[in-house]
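[1] pasting a predicted model and its sequence here:
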Amino acid sequence: SGAKRDLVAFAEETGIPVVSTMMGIGVMPSEHPLYLGMLGSHGVPAANRAIHEADVLILCGARVGDRAVASPDQITEKAKVIHIDIDPAEIGKNMKAHIPIVGNIRLVLGSLREKVRYHVPEDWANTVQDWKANLRRCPQPVDGFVEPRTFIRDFSGMLPSKAILVADVGQNQIWCANNFKIREGRFLTTGGMGTMGYSLPAAVGAKVSRPSRQVVAVCGDGAF
């Protein structure tokens with residue numbers, strides 16, 4: 001719905017930290033101070049910790065699949081959940097919603113920005129930033145070998161800011177999801193169904209749609 005700018009603005013105005021599912025990567029720049037990364041079984045520790053320690057959780061279009069949130073009941077015991085989705089069938093399907101909001105996310109966020117006058121407490125903001133700085137596990141480089149997570153991080157820094165990365169299914173997908181630094185570009189991958197062979201035709205389609213942008217496909221040998 002083109003809600004990216006509204007979500008970033010709402011987060012900045014309130015100081016609320018943001019995490020994403022795999023399909024939501026790119027909604028905020030990877031290096032934004034309030035963005036903690038991808039959550040879930042293959043996500044980053046800071047994102048998962050924040051979800052489990054929060055007292056209010058605003059879900060924007062997330063379906064709360066089991067790879068993103070393995071134990072939703074544990075979260076709803078502690079946090080009030082506000083679930084925004086254009087499809088009412090998705091709200092409360094996998095996680096109890098205390099406040100359901102059916103609507104276009106861009107319009108809902110715009111309304112929230114007009115009505116909400118709130119900023120997170122300083123101790124919560126500092127705690128989250130401490131998790132972001134200290135919980136991340138950075139692999140050590142090994143002489144004579146290519147360490148894939150380090151490679152993805154370094155490679156992303158070499159690309160233009162609006163580059164489009166298309167990741168296929170497999171470990172390469174997780175390396176990209178957690179280590180590719182999105183700035184103004186897009187991260188495209190096949191979530192949910194996990195369709196191998198997706199990346200090459202998707203990259204061709206992305207290039208046809210945005211011929212002026214650098215497009216990169218990352219895939220394993222089986223996917224290729």
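    Sure, I can see it.

[2] assign Val216 to helix, strand or coil.
    strand (DSSP: H, G, I helix; E, B strand; the rest coil).

[3] that one contacts Leu165, correct?
    Yes - the pair Val216 and Leu165 passes the contact test of CB atoms under 8 Å, sitting 5.4 Å apart. For every residue, glycine as well, the C-beta is placed using N, CA and C.

[4] shared neighbours, those two?
    The contact sets of Val216 and Leu165 overlap at Leu159 (CB atoms under 8 Å, 6 or more residues apart in numbering).

[5] these two - which one has more neighbours?
    Leu165 (28 against 18; other CB atoms under 10 Å).

[6] which parts of the chain are strands?
    18-20, 35-38, 56-60, 80-85, 99-102, 164-167, 186-189, 215-218 (DSSP state E).

[7] if I pick the nearest residue to Gly110 once chain neighbours are set aside, what's in contact with it?
    Distances taken as CB to CB, 6 or more residues apart in numbering place Asp6 nearest to Gly110, at 5.7 Å, with adjacent residues excluded. Shown in contact with Asp6 (CB under 8 Å, 6+ apart): Ile105, Arg106, Leu109, Gly110, Arg113.

[8] separation between the fourth one and Ala9?
    Shown here: Gly110 relative to Ala9, a distance of 9 Å by CB to CB, to the nearest Å.

[9] same check, this time on Arg210
    Taking CB to CB, one finds Arg210 at 24 Å from Ala9.

[10] can you give me the helices for the protein?
    4-14, 45-53, 72-78, 105-115, 122-134, 148-158, 171-179, 199-209 (DSSP state H).

[11] how far does the fifth one sit from the chain's center?
    Distance, stretch centre to chain centre, for helix 122-134: 18 Å (CA atoms, centre = their mean, to the nearest Å).

[12] average pLDDT for it?
    Average pLDDT, helix 122-134: 95.

[13] as JSON lines, the helices of the chain with distance to Gly220 would be great.
    Converted to JSON lines, the helices of the chain look like this (distance: least, CB to CB, whole Å):
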{"stretch": "helix 4-14", "distance to Gly220": "29"}
{"stretch": "helix 45-53", "distance to Gly220": "25"}
{"stretch": "helix 72-78", "distance to Gly220": "31"}
{"stretch": "helix 105-115", "distance to Gly220": "33"}
{"stretch": "helix 122-134", "distance to Gly220": "29"}
{"stretch": "helix 148-158", "distance to Gly220": "11"}
{"stretch": "helix 171-179", "distance to Gly220": "5"}
{"stretch": "helix 199-209", "distance to Gly220": "9"}
